[in-house]
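Peer 1: need a structure here:
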Amino acid sequence: MLAVFLALVVDLLLGDPPNRYHPVTVMGRWIAWGKESAPRQGRVGPLLAGTSILLSGIAASLSVGYLLERLTTRFPRSLGILIQAGILKTTFSLHGLIRAAEDVYQALARDDLPAARHWLSWHLVSRDTSALSASQVAAATIESVAENASDGIVAPLFYYALGGLPLALGYRFANTADAMLGYRDETHEWLGKFPARLDDALNWIPARLSAVLILLAAWVLGEDSVSAWHTWRRDAAKTASPNAGHPMSAMAGALGVELEKVGHYRLGAGKRRPAREDIARATRLVKGVVALATAIFALYTMIRHSTSHASH
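Peer 2: Numbering: from 1, shown residues only. Alright, predicted model coming up:
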């Protein structure tokens, strides 16, 4: 798991590579091409097109991951680990998530609400932010930080621990396909149906694991782990997504705030409205979550490898 530690170091120090060199950009181009070529009318045609885009992309990602992993075994061990770390880093971005939250925080600190709304919609959410209050901007930022910690960081590391680069890259393609196609509108309803359902399935364990990690990080960092537990158990199912409510409700309880998306859900109902300082607390918790996840996955890998060697 040295590759995971190195990947995190590279991410925090250097951030993401230029877009044109980023594997997710290549994935996005394939998905966009498939979307442009897909039939627009009916249900069966778009459904089959969306399924084809997804499965072909996952197959290619698994194959590339397998070939890259095999290739790294031909190099000296230290170089092979470094190459794996560089590739793994492209499947997540803790640095980018923290920077996005920091942009919103700094705008709120300057009392520049229009800028805070801009950075929120630019980096973190797809909904209209033009009428959000400062507290609602803070709430949406915290929600996004919690959800992205799960599907943007914990999940890729989870699948890397299970199956190395092939599963990490395969997961990243599936998640990217859902992000680009998984909308409930006339254009995407059937085109994005299978990508959305598969993403829900792939994130089932990481979302719940992320909630547990938020509880543990809250306990370690002096936040309210008891409230996190109760809020998670009470409110996790209140979101339309079967997964997003788990890390978001745990985060709401840990911070002692109410996270509301008007007309959709209220997590931590009755607690105080969030302020900009709670954004910084949320990013601190996410760093704790990533540290704990890395330690747990490293321990799992060590046990798996020791068991494998013992059996031989």
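
Peer 1: my guess is V286 contacts S93. True?
Peer 2: No. The pair V286 and S93 does not pass the contact test of C-beta atoms under 8 Å, sitting 11.9 Å apart. To be clear about C-beta, it is placed using only N, CA and C from the backbone, and glycine gets the same treatment.

Peer 1: ok, those two, which is more surrounded?
Peer 2: Comparing V286 with S93 by other C-beta atoms under 10 Å, the one with more neighbours is V286, at 28 against 20.

Peer 1: doesn't G270 belong to a strand?
Peer 2: No. Residue assignment for G270, taken from DSSP: H, G, I helix; E, B strand; the rest coil, gives coil, which places it outside any strand.

Peer 1: quick check: closest non-adjacent residue to it.
Peer 2: E258 (6.8 Å; C-beta to C-beta, 6 or more residues apart in numbering).

Peer 1: my read is that that neighbour contacts G268, right?
Peer 2: Yes. Using C-beta under 8 Å, E258 is in contact with G268, at 4.6 Å.

Peer 1: list the residues that contact both of these two?
Peer 2: The overlap between the contact sets of E258 and G268 (C-beta atoms under 8 Å, 6 or more residues apart in numbering) consists of A252.

Peer 1: so between those two, which is more surrounded?
Peer 2: Here E258 and G268 are compared on neighbour count by other C-beta under 10 Å; more neighbours surround G268, at 28 against 19.

Peer 1: for the more buried one, phi and psi?
Peer 2: Backbone geometry at G268, expressed as degrees, to the nearest 10, gives phi 80, psi 40.

Peer 1: quick one, strands of this structure?
Peer 2: If DSSP state E is used as the criterion, the strands of the chain fall at 259-261, 265-267.

Peer 1: and those strands as a markdown table, adding mean pLDDT?
Peer 2: Shown next, in a markdown table, are the strands of the chain (pLDDT from 0 to 100):
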| stretch | mean pLDDT |
| --- | --- |
| strand 259-261 | 94 |
| strand 265-267 | 96 |
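
Peer 1: reformat these as JSON lines; add mean neighbour count and distance to A293.
Peer 2: Formatted as JSON lines, the strands of the chain follow (neighbours: other C-beta atoms under 10 Å; distance: least, C-beta to C-beta, whole Å):
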{"stretch": "strand 259-261", "mean neighbour count": "23", "distance to A293": "22"}
{"stretch": "strand 265-267", "mean neighbour count": "21", "distance to A293": "22"}
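
Peer 1: would you map the helices across the stretch 101-250 of the chain?
Peer 2: Using DSSP state H, counting those that start in this stretch, the helices found in the stretch 101-250 of the chain span residues 113-123, 134-149, 155-181, 193-202, 204-221, 225-235, 245-255.

Peer 1: out of those helices, which is closest to T294?
Peer 2: In this view, the helices of the stretch 101-250 of the chain are compared for proximity to T294 by C-beta to C-beta, and helix 155-181 is the closest at 6.8 Å.

Peer 1: what helices and strands are in contact with that closest one?
Peer 2: Using 3 or more C-beta pairs under 8 Å, 6 or more residues apart in numbering; DSSP states H and E, the elements in contact with helix 155-181 are helix 2-14, helix 23-37, helix 44-72, helix 77-89, helix 193-202, helix 204-221, helix 276-311.

Peer 1: for the residue nearest to G270, give its distance to A207.
Peer 2: Separation of E258 from A207 (C-beta to C-beta, to the nearest Å) stands at 20 Å.

Peer 1: re the thing from before, identify, out of the helices and strands packed on helix 155-181, the most deeply packed stretch.
Peer 2: Ranked by average neighbour count under the criterion mean count of other C-beta atoms under 10 Å, those are headed by helix 204-221 at a mean of 22.

Peer 1: which residues are in contact with that one?
Peer 2: Under the criterion C-beta under 8 Å, 6+ apart, residues 146, 149-151, 154-155, 158, 223-225, 228-229, 232, 236, 242-244, 246-247, 249-251, 254, 284-285, 288-289, 291-293, 296 lie in contact with helix 204-221.
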